[in-house]
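Participant: structure for this input, please:
(chains A and B)
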Amino acid sequence: MAYSDKVIDHYENPRNVGGFGKEDEGVGTGLVGAPACGDVMKLQIKVSADGIIEDAKFKTFGCGSAIASSSLVTEWVKGKTLDEAAQIKNTEIAQELALPPVKIHCSVLAEDAIKAAIADYRKKTGSESGNGTDTAAE
Amino acid sequence: MTAVTIDKGIIGRGPGEPIYMDYQATTPCDPRVVEKMLPWFTEKFGNPHSRNHYYGWQAEEAVETARAQVAAIIGADAKEIVFTSGATESNNLAIKGVAHFYKAKRDHIVTVVTEHKCVLDTCRHLEQEGFKVTYLPVAKNGLIDLAELESVVTDKTAIVSVMGVNNEIGVIQPLAEIGAICRAKGAFFHTDCAQAAGKIPLDVNAMNIDLMSISGHKLYGPKGIGALYVRRRPRVRLVPLINGGGQERGMRSGTLPTPLCVGLGEACAISKAEMATEGERLRFLRDRLMNGIQARLPEVYLNGDPEQRVPGNLNLSFAFVEGEGLMMGVKDLAVSSGSACTSASLEPSYVLRALGLDAEMAHTSLRFGIGRFTTEADIDYAIDHVVKAVNHLRELSPLWEMHLDGVDLKSIEWAEH
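Facilitator: Alright, predicted model coming up:
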């Protein structure tokens, strides 16, 4: 199977590899997938006092498409509010990376990873409602 | 005739091409084989079954020489060799042929869970026809338990089919011991030796083998030809899959493809002559590859028995690195992976799973297949390339990070998707 140039670029030069301390202030962590299924993504966001994602990091165990999907979303979420980030759809990821049908699950997992990171942040900060009025920093 | 000149130095490593390390998938045709084949396409084009003129006799003689060359690598008589289109057809003919011929008295078949799909699928079809099939498990090293085999073979067992060498993990099953058990119980012993013939010494009489499948393109011969050894004493009878003019003693009708037969024969003759020295050379290269990788990377595991294996196969699991991602990283090598993602099924290798390997370890495997045209420089290049790719991917792997932090991955509740 041939990979798209964008997948190859993210695979060879992954953006935002690494992590933040799980307990650090403003950090939300999403860990999705399972080793037995061949895909695990860890995506972390760092949220500023005014509710903007100011930084994101990832680590992924998986195929090239899984690595590229998670690398791409770390770029996309930066500068977004939590609600904006939660709007990112797997179809947009799949389209941007030109993923073939058999790799769509990689983009689904990346979407799940963002949502999980946001949910973790909200849980930590006690703003579980997640209806757009981020009160955590007030 | 124009002489063929093929530069051996570029086979499997042409300019801009990845280094070929997938010799279990297929092998290049040896230039010496191609050279022998060529006249049989053009000036010597006769039908080997034309009994009444020069062209036919010439082709028949070539086919019979080839038959004797095939027989010679397995200690058989030339009359016991049936040419087929390849090992898939040979396996079908052996198992279905015996099952159908003897079904009135014996309706049971024994095989192994790690067999090639063409054996397993054939058995599944026979089950639908009403035959009973026992699928033997394998131990962690990939080998069957002989006591277990002995306990399942009964006076109802028509045929026992166990491969000589596994295509994924390269382990060699104890053929002589299996043959002795089958002979004692009166069941025929078929062995798929697509990966074994020409690689390891085989003797159908010493090993009590009744049927053996051979593939041309796995031993540097052409694709589209194979052979089935069918024992004459005691005689094994088969219901043919293909009916027609009664060629191949009625077991496989159809005009023989003279150039392919000649190619298979020559490939067998070369493999026989070079088996000992080539085996030693490959063992050296295989050990160099494994030791070179393991010296520079922790958490790399060999799949399959370390001793009972062919020299040309190395199947390694690189813990915490997913196989398909790794294949993308080693793009200068043509290898294969047991990972789910490389197959359409999204399931990891059934062979690795049968060894009792966790799905996550099965996902991290690469198969290196080395062979006649692999050089020491190829191996050294591969070591460097693999080490770099694995290190890069481990940097990216959350599982590697957890491993370094001492987290037991089994303690985490993963959301299986």
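Participant: residue contacts, the spatially most central residue of chain A?
Facilitator: In chain A, the residue lying closest to the centroid (CA atoms, centre = their mean) is A:Ile114, at 3.8 Å. By CB atoms under 8 Å, 6 or more residues apart in numbering or on different chains, the contact set of A:Ile114 is A:Gly30, A:Leu43, A:Ile45, A:Val73, A:Val77, A:Ala85, A:Ala86, A:Ile88. Where C-beta positions appear, they are placed from N, C-alpha and C, glycine not excepted.
Participant: pLDDT value on residue 125, please?
Facilitator: Using chain A here. What the model reports for A:Thr125 is a pLDDT of 89.
Participant: actually, chain B is the one I wanted.
Facilitator: pLDDT, B:His125: 98.
Participant: secondary structure class for it?
Facilitator: Of the three states, B:His125 takes helix under DSSP: H, G, I helix; E, B strand; the rest coil.
Participant: ok, now how distant is it from B:His100?
Facilitator: In this structure, B:His125 and B:His100 are 11 Å apart, going by CB to CB, to the nearest Å.
Participant: just B:Ser253 next, same as before
Facilitator: Separation of B:Ser253 from B:His100 (CB to CB): 16 Å.
Participant: tell me the contacts of the residue in the stretch 1-150 of chain B that chain A sits nearest to?
Facilitator: Relative to chain A, the nearest point of the stretch 1-150 of chain B is B:Pro18 (13.7 Å; CB to the nearest CB). Contact partners of B:Pro18, counting by CB under 8 Å, 6+ apart, are B:Lys331, B:Asp332, B:Leu333, B:Ala334.
Participant: ranking the contacts of A:Ile114 by neighbours, who comes first?
Facilitator: A:Leu43 (31 neighbours; other CB atoms under 10 Å in any protein chain shown).
Participant: low-confidence ranges in chain A?
Facilitator: Within chain A, the ranges that satisfy pLDDT under 70 run A:1, A:128-138.
Participant: switch the cut-off to 90
Facilitator: A:1-3, A:22-23, A:36-38, A:102, A:125-138 (pLDDT under 90).
Participant: looking at the closest residue to B:Lys132 other than its chain neighbours now. What's its pLDDT?
Facilitator: Leaving aside its chain neighbours, B:Lys132 sits nearest to B:His108 (4.8 Å; criterion: CB to CB, 6 or more residues apart in numbering or on different chains). The score at B:His108 is 98. That number is its pLDDT.
Participant: OK, contacts around B:His108?
Facilitator: By CB under 8 Å, 6+ apart, B:His108 lies in contact with B:Phe131, B:Lys132, B:Val133, B:Thr134, B:Thr154, B:Lys156, B:Thr157, B:Ala158.
Participant: next step: these restricted to strands.
Facilitator: Those of the contacts of B:His108 mapping onto strands are B:Lys132, B:Val133, B:Thr134, B:Thr157, B:Ala158, per DSSP state E.
Participant: relative to B:Lys156, how far out is the first one?
Facilitator: Same thing as B:Lys132. 8 Å.
Participant: common neighbours of these two, please.
Facilitator: B:Asp107, B:His108.
Participant: of B:Ser253 and B:His100, who's got more company?
Facilitator: Taking neighbours as other CB under 10 Å, B:Ser253 and B:His100 compare with B:His100 leading, 17 against 14.
Participant: wait, that one sits on B:Pro240?
Facilitator: No: applying CB atoms under 8 Å as the test, B:His100 and B:Pro240 come out as separate, 9.5 Å apart.
Participant: how many residues are close by B:Thr84?
Facilitator: When neighbours are counted by other CB under 10 Å, B:Thr84 registers 28.
Participant: residue contacts, it?
Facilitator: Counting by CB under 8 Å, 6+ apart, B:Thr84 touches B:Ser90, B:Leu93, B:Ile225, B:Gly226, B:Ala227, B:Leu228, B:Arg252.
Participant: re the thing from before, so what's the residue nearest to B:Lys132 bridging to?
Facilitator: For B:His108, the beta-bridge partners under DSSP bridges are B:Lys132, B:Thr157.
Participant: who touches the helix or strand of chain B with the lowest mean pLDDT?
Facilitator: The helix or strand of chain B with the poorest confidence is helix B:359-362; it has a mean of 84 (mean pLDDT, DSSP states H and E). If you take CB under 8 Å, 6+ apart as the criterion, helix B:359-362 is touched by A:35-38, B:301, B:317, B:319, B:338-339, B:348-349, B:352-353, B:409.
Participant: which residue comes closest to the residue of the stretch 1-150 of chain B closest to chain A once chain neighbours are left out?
Facilitator: Computed as CB to CB, 6+ apart, the closest residue to B:Pro18 that is not its neighbour in sequence is B:Ala334, at 4.6 Å.
Participant: burial count for the one you found?
Facilitator: The tally of other residues near B:Ala334 (other CB under 10 Å) stands at 18.
Participant: and if you look at B:Glu61?
Facilitator: For B:Glu61, the neighbour count with other CB under 10 Å is 12.
Participant: pull out the buried positions in the top helix by length along chain B.
Facilitator: Using DSSP state H to define each element, chain B has its longest helix at helix B:258-296. Applying a neighbour-count criterion of 16 or more other CB atoms under 10 Å in any protein chain shown, one finds B:258-272, B:278-279, B:281-282, B:285-286, B:288-290, B:292-293 buried in helix B:258-296.
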